[in-house]
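Novice: coords below, sequence missing:
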């Protein structure tokens, strides 16, 4: 896990850009430049977080034996052991034991399509010195970022974070669409659009070729093309899902440094942690990286409703290990508010302190890699998508069960709901058929509907919306497909990359193993919600691995911060300095009024905190950008 930076079409010192992303790779920094007299010019830079092959042989930029190819790579190829054996059988001789060289050799022999054989997370840039072409690539779901900017005619820069590009740009200004991005924080991460004008992202599951001064991108991964047929018997589905998940955890424990875990006490992170313990107890993992899994880390918020340390303790006690609790104080996180926003780059709906402080504590304990539970909500149910299941219910009794399950996620208890009357059920079913496009009178849907209608999922790409596999999906699966590919997950992956890499920590997510994702999307909606629970197949697959109070826990909380308490308490002074003294910003007056109303409210709630943060964030974010970029813009190209 590292940071990459490159210039194609010119050679320039990369020092300032590498310094701005040095937190991603605290173990080694290096840059390479085309030699004087070479017909094609490029500069590649790398900051390394050493995880696999800790020797100097694993440093980057890495060159092929013939010297023709140079690569900078950020990520991990978890199945590199198996891929290496296959390449060695073809006659490849390896000089290192790193996954970087496996990727390099695979790309040389098979081109961009080699990514289809890789299981992991990555973003890379590879330079062909003979032909003067650059190849950029990004993993299936966009776990690792890659940004680029056209600096001049025939010159392009790419980097792991936007701030790595700033020294090479003439100016750094918010995007012309920044107001729209502020209004809808979850709708742009899957596109090429960025919050900084002149910067674009390589989209997830894409590769791009730079040749003759032009960059052309192509999509290499579409989940819909890889969804198979799941077993019809639910028991077989559970068994196969469990095997896939445990194997996803197993290969993510491959590392030459200590691997730890984050643990909230929720179903998702507990499943990841307990699966590590399950594999370790059966000696099914042989890796130096297993050393620190017995020290799970949990962020705590004393006296706040989002504190879940009680549940995390239940999990730790079940496994027989001590829980490492990390008390969160925004004034002791290591970052000021402006520094933290500049670090994470994009605006978001909550403050970054809990995540930054937790990952910093993990790093301070000597751990470099964590196994996290992200991705399960988008695979099964979350963010209101359970409502789609109401439209798939095949009987009044099933509809009543679904509604009771949905209600239990808030109350914590499953209380049966009285089935609807026959006439009400008939109207509901007619609306469902219309909603799913099975009747030509779709415009009658609004008048016939008898319960709130969830909007149909809008896939990221036009071809996805008309893809045969997408059209065969039930409405819940369509909604989850959107959440995983276009809205929630891309945004969360971006955030957690910044949170963890700000502290030199690599996060691994077994729920996002592509094999598991494709298998889960092959399942019917009844395997995802049913039997009285959300995330049905996950719960059943974890029987005997998870403690029962956690496996059957119904309530759910996200990893957030108590903004309403912090903004009126420890953060008040910094917020007031920013909001009250800012000038020349379009949102400043609205921010000041919202802030003053918030302070005058006698008793504030969590919702009040979210509302005032939404109002003041544009001013705080713009200020963080202005102050963070002072003295670093437009320097290197003039050197």
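Specialist: Sure thing, it's come through. Predicted model, so just to flag it, every value in this text is computed and none were measured. Residues are numbered from 1 along each chain as shown.
Novice: Which strands or helices does the helix or strand hosting residue 573 pack on?
Specialist: Element membership for residue 573 (DSSP states H and E) is helix 572-581. Helices and strands touching helix 572-581, by 3 or more CB pairs under 8 Å, 6 or more residues apart in numbering; DSSP states H and E, are helix 337-344, helix 588-600, helix 606-628. For glycine as for every other residue, the C-beta is placed from the backbone atoms N, C-alpha and C.
Novice: please redo it, this time with the cut-off set to 7 Å
Specialist: Counting contacts by 3 or more CB pairs under 7 Å, 6 or more residues apart in numbering; DSSP states H and E, helix 572-581 is packed against helix 588-600, helix 606-628.
Novice: out of these, which comes closest to residue 222?
Specialist: Minimum separation from residue 222 across those (CB to CB) falls at helix 606-628, 33.5 Å.
Novice: roughly how far apart are the residue most central in space within the chain and residue 511?
Specialist: Central residue of the chain (CA atoms, centre = their mean): residue 493, 1.2 Å from the mean position. Separation of residue 493 from residue 511 (CB to CB, to the nearest Å): 12 Å.
Novice: And for the helix or strand where the residue nearest to the centre of the chain lies, what's in contact with it?
Specialist: Residue 493 belongs to helix 488-501 when assigned by DSSP H and E. Surrounding helix 488-501, the residues in contact under the criterion CB atoms under 7 Å, 6 or more residues apart in numbering are 23-24, 141-145, 185-186, 189-190, 204, 343-346, 348, 352, 355-356, 359, 374-375, 378, 383, 483, 506-507.
Novice: What's the local residue count around residue 240?
Specialist: When counting by other CB atoms under 10 Å, one arrives at 16 neighbours for residue 240.
Novice: Once you drop chain neighbours, what's closest to residue 228?
Specialist: Counting by CB to CB, 6 or more residues apart in numbering, residue 228 lies nearest to residue 522, which is 5.6 Å off, once chain neighbours are set aside.
Novice: quick one: contacts for the one you found?
Specialist: Listed by CB under 7 Å, 6+ apart, the contact set of residue 522 reads 227-230.
Novice: cool, residue 613 as well?
Specialist: By CB under 7 Å, 6+ apart, the neighbours of residue 613 are residue 563.
Novice: per-domain residue ranges of the protein.
Specialist: What automatic domain parsing lists as the domains of the chain is 2-221, 228-378+485-551, 383-482, 563-628.
Novice: Looking at the ones you listed, which is nearest to residue 557?
Specialist: domain 228-378+485-551 (5.6 Å).
Novice: for the closest one, how far is the first residue from the last?
Specialist: For domain 228-378+485-551, the first and last residues are 28 Å from each other (CA to CA, to the nearest Å).
Novice: i'd like the first residue to be 11 from this point on
Specialist: Shifting the count to begin at 11 puts that one at domain 238-388+495-561.
Novice: Out of the helices and strands in the protein, which is least certain?
Specialist: helix 455-458 (a mean of 34; mean pLDDT, DSSP states H and E).
Novice: how distant is stretch 250-267 from the center of its chain?
Specialist: How far stretch 250-267 lies from its chain's middle: 18 Å, per CA atoms, centre = their mean, to the nearest Å.
Novice: With stretch 363-370 instead?
Specialist: Using CA atoms, centre = their mean, the offset of stretch 363-370 from its chain centre is 16 Å.
Novice: Counting by contacts, list what the strand or helix carrying residue 250 packs against.
Specialist: Assessed by DSSP H and E, residue 250 sits inside helix 244-261. Contact analysis of helix 244-261 by 3+ CB pairs under 7 Å, 6+ apart lists helix 277-291, helix 524-531, helix 546-551 as its packing neighbours.
Novice: what's in contact with the second one?
Specialist: Spelled out, that is helix 524-531. Helix 524-531 has contacts (CB under 7 Å, 6+ apart) with 129, 150, 233, 236-238, 240, 250-251, 254-255, 258, 389, 487, 491.
Novice: Stretch 189-200 now?
Specialist: Stretch 189-200 is contacted by residues 185, 205, 213-214, 357-359, 470, 495-498, 500-501, 504, 628 when judged by CB under 7 Å, 6+ apart.
Novice: Just the buried residues of those residues.
Specialist: 185, 205, 213-214, 357-358, 470, 495-498, 500-501, 504, 628 (16 or more other CB atoms under 10 Å).
Novice: mind showing which ranges of this structure have poor pLDDT?
Specialist: 296-302, 392-393, 443-473, 644-649 (pLDDT under 70).
Novice: at 80 instead, please
Specialist: Scanning the chain for pLDDT under 80 picks out the ranges 11, 293-304, 313, 315-316, 392-395, 404, 426-473, 566-570, 644-649.
Novice: Format the helices and strands packed on helix 582-591 as TSV; extra columns: distance to residue 401.
Specialist: Putting the helices and strands packed on helix 582-591 into TSV (distance: least, CB to CB, whole Å) gives the following:
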stretch	distance to residue 401
helix 598-610	37
helix 616-638	28
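Novice: who wins for proximity to residue 27 among these?
Specialist: Judged by CB to CB, the one of the helices and strands packed on helix 582-591 that comes nearest to residue 27 is helix 616-638, at 14.1 Å.
Novice: circling back to that earlier point, just name the closest of the contacts of helix 524-531 to residue 52, please.
Specialist: Distances from residue 52 to the contacts of helix 524-531, taken by CB to CB, are shortest for residue 150, at 26.7 Å.
Novice: What is the neighbour count of the closest one?
Specialist: The number of residues packed near residue 150 is 26, by other CB under 10 Å.
Novice: Do a quick rundown of the helices in the stretch 261-410 of the chain.
Specialist: Taking DSSP state H, counting those that start in this stretch as the criterion, the stretch 261-410 of the chain contains helices spanning 277-291, 319-329, 347-354, 363-374, 386-389, 397-400, 406-421.
Novice: now the helix holding residue 250: how far from the chain's centre is it?
Specialist: The mean C-alpha position of helix 244-261 is separated from the chain mean by 22 Å, CA atoms, centre = their mean.
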